[in-house]
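Chemist: need a structure here:
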Amino acid sequence: MMKNNDFTFTVKRIRFDEHYQPADSTRLTTNFANLARGERRQQNLHNALTMINNRFNALANWDNPKGDRYSLELDIISVDVDVAGNGASFPSIEVLQTHIVDNATGQRFEGIVGNNFSSYVRDYDFSVLLPEHNKQQAGFSIPDNFGELHGKLFQSFVSSATYKAHFKKPPVICLSVSDNKIYYRTENRHPVLGVEYQPNEASLTEQYFKKMGLAVRYFMPANSTAPLAFYFFGDLLNDYNNLELISTISTMETFQKIYRPEIYNANVVAGHCYQPNLHNTDHSVTQIVYDREERSRLAKAQGKFAEEHFIKPYQAVLAQWSAKVTQSA
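Modeler: Numbering: from 1, shown residues only. I've put the predicted structure just below:
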């Protein structure tokens with residue numbers, strides 16, 4: 001991780017519960033913000049949180065005869081960055097932090113930070129920069145230094161004193177598998193994460209997150225239908241305890257069942273050789289309303305917002321900082 005921290009980061013948190021309402025600065029494409037709008041917002045939130053707690057207890061089934069010992073508390077973590085030193089900040093990233101409540105003992109434990117991942121700059125990279133670059137190309141290609149700035153900003157935050165003051169362990173991001181890759185089941189099996197899969201090649205998302213300093217492994221937990229992608233620093237299997245890992249699985253698998261039911265709520269479980277299919281009709285849907293088309297439309301608008309309010313105004317400052325970080329790495 002990078003040790004050069006010239007920028008000032010500010011962390012804000014808001015509880016994600018049945019009463020959650022998105023803040024004005026929240027990216028509207030953020031998964032949890034999408035659930036919290038419209039006539040069924042409170043029912044959406046209640047159902048999603050119930051699914052998360054039920055899945056947690058199904059995985060943490062030891063000393064849990066009624067399946068109700070644990071419940072999760074979720075905080076939305078918003079990180080603003082001041083790159084000019086003038087007090088003006090830009091919304092950098094948004095993640096989730098879990099806390100585990102043991103209802104039998106009354107204890108409350110810090111879970112994992114990360115889980116979901118949202119970023120205006122990533123919207124710019126994928127929804128503005130990448131399409132504009134490929135308008136000029138005969139075939140698909142990646143722009144030079146694609147993801148470099150975003151990766152350096154993320155690593156700068158994780159290595160900052162601000163991060164260490166708020167969180168005990170490095171983040172873990174849990175995402176969907178890519179529908180244009182093939183995943184092969186291995187013989188490796190973890191008691192919580194489940195059976196490990198390996199892809200036939202690295203996806204663009206995997207390459208992008210590598211520039212954020214994150215490695216990736218793919219696991220399919222017990223009673224899941226498809227593997228999840230776990231992005232992490234260090235040692236995923238040994239740096240986190242079972243309850244911490246379960247908090248991420250139960251949270252993000254629930255979101256994926258809502259957002260990617262064709263994959264994560266499929267009626268057929270992934271086999272030894274698995275290719276995700278977003279056009280799979282043999283799947284079940286949850287009782288939770290989610291507007292996937294709206295999310296796609298807003299991604300480009302929010303990428304343009306990042307371009308106009310961050311990339312262009314601070315271009316010189318960001319370029320100078322990025323070069324300095326590269327030299328000191």
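Chemist: Which stretches in the stretch 1-150 of the chain count as strands?
Modeler: Secondary structure of the stretch 1-150 of the chain, counting by DSSP state E, counting those that start in this stretch: strands at 8-16, 70-82, 90-102, 108-119.
Chemist: Torsion angles phi and psi at residue 172?
Modeler: Geometry field for residue 172 lists phi and psi as phi -130, psi 120, criterion degrees, to the nearest 10.
Chemist: So it versus residue 306, what's the distance?
Modeler: If you measure residue 172 against residue 306 using CB to CB, to the nearest Å, the figure is 25 Å. For glycine as for every other residue, the C-beta is placed from the backbone atoms N, C-alpha and C.
Chemist: Helices of the stretch 101-250 of the chain, start to end?
Modeler: 120-124, 130-135, 148-158, 161-166, 204-210, 236-239, 242-259 (DSSP state H, counting those that start in this stretch).
Chemist: Rebuild the ones you listed as a markdown table, extending it with distance to residue 112.
Modeler: Converted to a markdown table, those look like this (distance: least, CB to CB, whole Å):
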| stretch | distance to residue 112 |
| --- | --- |
| helix 120-124 | 20 |
| helix 130-135 | 29 |
| helix 148-158 | 13 |
| helix 161-166 | 13 |
| helix 204-210 | 16 |
| helix 236-239 | 10 |
| helix 242-259 | 5 |
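Chemist: Lowest mean pLDDT across those helices, which one is that?
Modeler: Mean pLDDT across those is lowest at helix 130-135; the value there is a mean of 88.
Chemist: Share the number of residues neighbouring residue 115, please.
Modeler: Using other CB atoms under 10 Å, residue 115 has 24 other residues around it.
Chemist: Quickly list what it is bridged to.
Modeler: Applying DSSP bridges to residue 115 gives these bridge partners: residue 173.
Chemist: for the protein, what helix or strand is lowest in average pLDDT?
Modeler: Counting by mean pLDDT, DSSP states H and E, the chain has its least confident helix or strand at helix 31-35, which shows a mean of 58.
Chemist: Quick check, residue 51 in contact with residue 264.
Modeler: No - in this structure, residue 51 is not within contact of residue 264 by CB atoms under 8 Å, at 11.5 Å.
Chemist: Between these two, tell me which one has more neighbours.
Modeler: It is residue 264, of residue 51 and residue 264, that has more neighbours when counted by other CB under 10 Å, with 23 against 20.
Chemist: Which residues are in contact with that one?
Modeler: For residue 264, the contact set (CB atoms under 8 Å, 6 or more residues apart in numbering) comprises 176, 224, 225, 226, 253, 256, 257.
Chemist: I'd like the strands of the stretch 1-150 of the chain as JSON lines, with mean pLDDT and distance to residue 182 appended.
Modeler: As requested, these are exported to JSON lines (pLDDT from 0 to 100; distance: least, CB to CB, whole Å):
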{"stretch": "strand 8-16", "mean pLDDT": "92", "distance to residue 182": "34"}
{"stretch": "strand 70-82", "mean pLDDT": "94", "distance to residue 182": "33"}
{"stretch": "strand 90-102", "mean pLDDT": "94", "distance to residue 182": "29"}
{"stretch": "strand 108-119", "mean pLDDT": "94", "distance to residue 182": "24"}
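Chemist: hang on, residue 115 packs against residue 248?
Modeler: Yes - in this structure residue 115 lies within contact range of residue 248 using CB under 8 Å: 5.4 Å.
Chemist: which residues do these two both contact?
Modeler: Listed contacts common to residue 115 and residue 248 are 98, 172, 174; contacts here mean CB under 8 Å, 6+ apart.
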